[in-house]
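Trainee: Build the 3D model from these lines:
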Amino acid sequence: MSQVASPPDTLPVSPARPSTGGAAKTVTRVTYAAILVLLLAAPLLGLYPVFVMKLLCFALFACAFNLLLGFTGLLSFGHAAFFGSAAYITGWLVKSQGWTPELAIAAGTLGAALIGLVVGTVAIRRQGIYFAMITLAIAQMVYFVCLQVPFTGGEDGLQGVPRGSLFGIVSLVPDISMYYFVVALFVLCFLFIARIVGSPFGQVLKMIRENEPRAISLGYHVDRYKLLAFVLSAGLAGLAGSLKTLVMGFATLTDVHWSMSGEVILMTLLGGVGTFFGPVFGAGIVISLQNLLADKVGSWVTVIIGVIFVLCVLAFRKGVVGELQAWRERRKRAADTSGT
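Mentor: Below is the predicted model:
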């Protein structure tokens, strides 16, 4: 009687291939570390601190907006209301009331968050273009208030806002002191946004963005999540506006104008909606172009930026950083397919 060969105890295993996901995370961390080192060394490299501070303020503004649009799927046309209202609150408290900068920044951020709570409570009852138009309408009301109330300075705005001393000890008057204060706040806020997106709360926001009816069917109170995301986004936008006022020394009606809302949308779309570094990159492009071209072409800088935006949208539909990430994902899938 012939014996039947028993199956082998082990099956042949294909050679292990390096994990592309781990390599991608390593590259991302190294890139962020390099950018942080560049930020810390920027004054030593001859970069103008005020320009970099302004860039970081608008980068934070764009990151705050991206938290709402990129990770929650809500398009707001009125984010300038939070940016500008916080700028006015902080400027007035520092200049007229003698508050220290950290307290004035906290008050401006809280004020923007409270305005965001009011706006969000009204706006989240609608979706799509109706949501966007409600935010725009309320933002125009905020613009009218800032134009009429006495403490904002009307059309002249608040001028000559002092930087003061941090906790009454560290003077922020020198550009270097103010620079590292802004860098520290920007890094903390960037990590905070990354933590929000990576948390269970952030995963629910992504699910709402992708398929809101499914999120409702699973028992999530969608309106609560959207409202909290809106308030967080408004508060971070307010923090950006508060920092901008201290850096530049003024707050004007431009900060609450509808064009500022359009500018932050431009920054986010240009860099890449739903990416972490995309809004920072988009803000860098816009602010750099404004700084380089404003004294050369005057008001035509808006036209030039518009043309560049159209070209980038046609060439990079997901934004510059978004397209780079998509290209990396395609390479990863191709490598996985070829290895199987």
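Trainee: Just the mean pLDDT for whatever helix or strand Val231 lives in, thanks.
Mentor: Assigned by DSSP states H and E, Val231 falls within helix 222-248. On average, the pLDDT along helix 222-248 is 95.
Trainee: Quick check: closest non-adjacent residue to the spatially most central residue of the chain.
Mentor: Centroid check for the chain by C-alpha atoms, centre = their mean gives Cys63 as the closest residue, at 0.9 Å. Nearest residue to Cys63 in three dimensions, chain neighbours excluded: Pro279, at 4.8 Å (C-beta to C-beta, 6 or more residues apart in numbering). Glycine gets a C-beta too; all of them are placed from N, C-alpha and C.
Trainee: That neighbour and Leu266 touch, don't they?
Mentor: No. Using C-beta atoms under 8 Å, Pro279 makes no contact with Leu266, being 10.6 Å away.
Trainee: and these two? which has more neighbours close in?
Mentor: For Pro279 and Leu266, the more surrounded residue by other C-beta atoms under 10 Å is Pro279, and the numbers stand at 34 against 21.
Trainee: does the nearest residue to Leu239 once chain neighbours are set aside belong to a helix or a strand, and which?
Mentor: Of all residues not flanking Leu239 in the chain, Thr109 sits nearest, at 4.5 Å (C-beta to C-beta, 6+ apart). Assigned by DSSP H and E, Thr109 falls within helix 101-123.
Trainee: in this structure, what spans have low per-residue confidence?
Mentor: Scanning the chain for pLDDT under 70 picks out the ranges 1-24, 339-340.
Trainee: again, only this time at 50
Mentor: Within the chain, the segments meeting pLDDT under 50 span 1-19.
Trainee: all strands for it, in order.
Mentor: When assigned using DSSP state E, the strands of the chain occupy the ranges 165-166, 170-171.
Trainee: Deepest-packed of those, please.
Mentor: When these are scored by mean count of other C-beta atoms under 10 Å, the highest mean neighbour count falls to strand 165-166 (a mean of 16).
Trainee: And the contacts of it?
Mentor: Residues outside strand 165-166 that contact it (C-beta atoms under 8 Å, 6 or more residues apart in numbering) are Thr100, Pro101, Glu102, Ser171, Leu172, Ser177, Phe181.
Trainee: List the strands paired with it, with their directions.
Mentor: Using DSSP bridges, strand 165-166 pairs in its sheet with strand 170-171 (antiparallel).
Trainee: ok now the partner strand, how far from the chain's centre?
Mentor: In terms of C-alpha atoms, centre = their mean, to the nearest Å, the centre of strand 170-171 is found 28 Å from the chain centre.
Trainee: again with stretch 133-153
Mentor: Centre-to-centre, stretch 133-153 and its host chain are 22 Å apart (C-alpha atoms, centre = their mean).
Trainee: what does stretch 332-340 give?
Mentor: Chain-centre distance of stretch 332-340: 34 Å, with C-alpha atoms, centre = their mean.
Trainee: And stretch 309-328, by the same measure?
Mentor: Its chain's C-alpha centre and that of stretch 309-328 lie 18 Å apart, by C-alpha atoms, centre = their mean.
Trainee: now do the same end-to-end measure for it.
Mentor: Distance between the two ends of stretch 309-328: 23 Å, counting by C-alpha to C-alpha, to the nearest Å.
Trainee: Contacts for that stretch next, please.
Mentor: Identification of contacts with stretch 309-328 by C-beta under 8 Å, 6+ apart yields 24, 266, 268-275, 277-278, 281-282.
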